[in-house]
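Peer 1: Build me a model:
(chains A and B)
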Amino acid sequence: MERPLEVQDIKKLIPQRFPFLMIDRVLEAGPQKVVAVKNVTLNEHFFTGHFPGQKVMPGVLIIEAMAQAGIVLYRMKFEKEAILFLVSVKSRFFKPVLPGDQLRLEVEPLKMLSKMGIFKARGFVADQKVAEAEIAFGTQDASSP
Amino acid sequence: MSDVKDQVLEIVSTVLEKEPQEIPLDAHLVQDVGADSMMALEILAALEKMYRIVIPEEKLREMTTVNRIIELTQESIGKAKQR
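Peer 2: Numbering: from 1, shown residues only, chains lettered A, B, ... in the order given. The predicted structure is shown next:
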């Protein structure tokens, strides 16, 4: 990959849109690894309620950002566009993600098939690991492998 | 290779969230035990990690019973040793 993927490139790979596009830039993209970035700003709509007195990025949205990086990973191996459904998530959160943080997401395949897959995801702020997960997904027709 | 047998059963029971004794070795995992194709993939990924083997995608549909998974795993371990 010669240059990072910007928002307009990312939109060609993943179907999510405002206010649910959770990756801002892809620094590295290949079938064996994708590194993406989410800039977490005070303006994020979810900070209004999560929480009024203490702003913390919801863990489920960290998972969503990982999942979207995972779609990029899928599309690096398979060209076809498909809506991918989340099947299972095993996750652990280490530190809160706060306004001003740059969340770096690294995803690597454990097994990536055309109709379903499992990948490992890790989230970092600076060099601190803030979350990790093992995420499984399937396409709508995944029941017949 | 009786270790493989025990370890495969352990992986299957962990993924299916059942006790090993609830899973007869010849029971059809989808029809009789309640597994789905995603669980089959999880089992396959766990086996690949544990034994450092590669099980081809087309073998997924053959992973119907614990006994068959044991056979497929042993075949893959055999092939990995030849390389």
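Peer 1: gap between residue B:61 and residue A:51?
Peer 2: 48 Å (C-beta to C-beta, to the nearest Å). Using the backbone N, CA and C atoms, a C-beta is placed for each residue, glycine as well.
Peer 1: typed the wrong thing, it's residue B:52
Peer 2: For residue B:52 relative to residue A:51 (C-beta to C-beta), the value is 45 Å.
Peer 1: who in chain B is up against chain A?
Peer 2: Residues of chain B lying close to chain A by C-beta under 8 Å from any C-beta of the partner chain are B:36-38, B:40-42, B:44-45, B:48-49, B:57, B:60-61.
Peer 1: Try it again at 6 Å.
Peer 2: For chain B, the contact set with chain A under C-beta under 6 Å from any C-beta of the partner chain comprises B:37, B:38, B:41, B:45, B:57, B:60, B:61.
Peer 1: Tell me which other helices or strands the longest helix along chain A touches.
Peer 2: Looking across chain A with DSSP state H, the single longest helix is helix A:59-77. Applying 3 or more C-beta pairs under 6 Å, 6 or more residues apart in numbering or on different chains; DSSP states H and E, one finds that helix A:59-77 contacts strand A:25-30, strand A:33-39, strand A:102-112, strand A:116-125, strand A:128-138.
Peer 1: what are the ranges of the helices in chain B?
Peer 2: For chain B, the helices defined by DSSP H cover B:2-16, B:37-51, B:66-82.
Peer 1: Flag every residue of chain A that's near chain B.
Peer 2: Looking at chain B, the residues of chain A close enough under C-beta under 6 Å from any C-beta are A:87, A:110, A:111, A:113, A:116, A:118, A:136, A:138, A:143, A:145.
Peer 1: Surely the fourth one and residue B:56 touch.
Peer 2: No - taking C-beta atoms under 6 Å as the definition, residue A:113 is not a contact partner of residue B:56, at 10.4 Å.
Peer 1: what about those two, which has more around it?
Peer 2: Ranked by neighbour count (other C-beta atoms under 10 Å in any protein chain shown), residue A:113 and residue B:56 place residue A:113 first, with 20 against 9.
Peer 1: Leaving aside the residues adjacent along the chain, what's closest to the more buried one?
Peer 2: Nearest non-adjacent residue to residue A:113, counting by C-beta to C-beta, 6 or more residues apart in numbering or on different chains: residue B:57, 5.4 Å away.
Peer 1: neighbours around that neighbour, how many?
Peer 2: By other C-beta under 10 Å, 15 other residues sit near residue B:57.
Peer 1: now residue B:59
Peer 2: Counted by other C-beta under 10 Å, the residues lying close to residue B:59 total 17.
Peer 1: Neighbour-wise, which one of the residues of chain A next to chain B leads?
Peer 2: Ranked by the number of neighbours (other C-beta under 10 Å), the residues of chain A next to chain B place residue A:116 first, at 25 neighbours.
Peer 1: pLDDT at that one, what is it?
Peer 2: pLDDT for residue A:116: 92.
Peer 1: can you pull up the bridge partners for it?
Peer 2: Beta-bridge partners recorded for residue A:116 (DSSP bridges): residue A:138.
Peer 1: Please report phi then psi for residue 31.
Peer 2: In the absence of a named chain, this looks at chain A. Main-chain dihedrals, residue A:31, degrees, to the nearest 10: phi -70, psi -20.
Peer 1: The intended chain is chain B.
Peer 2: phi -70, psi -40.
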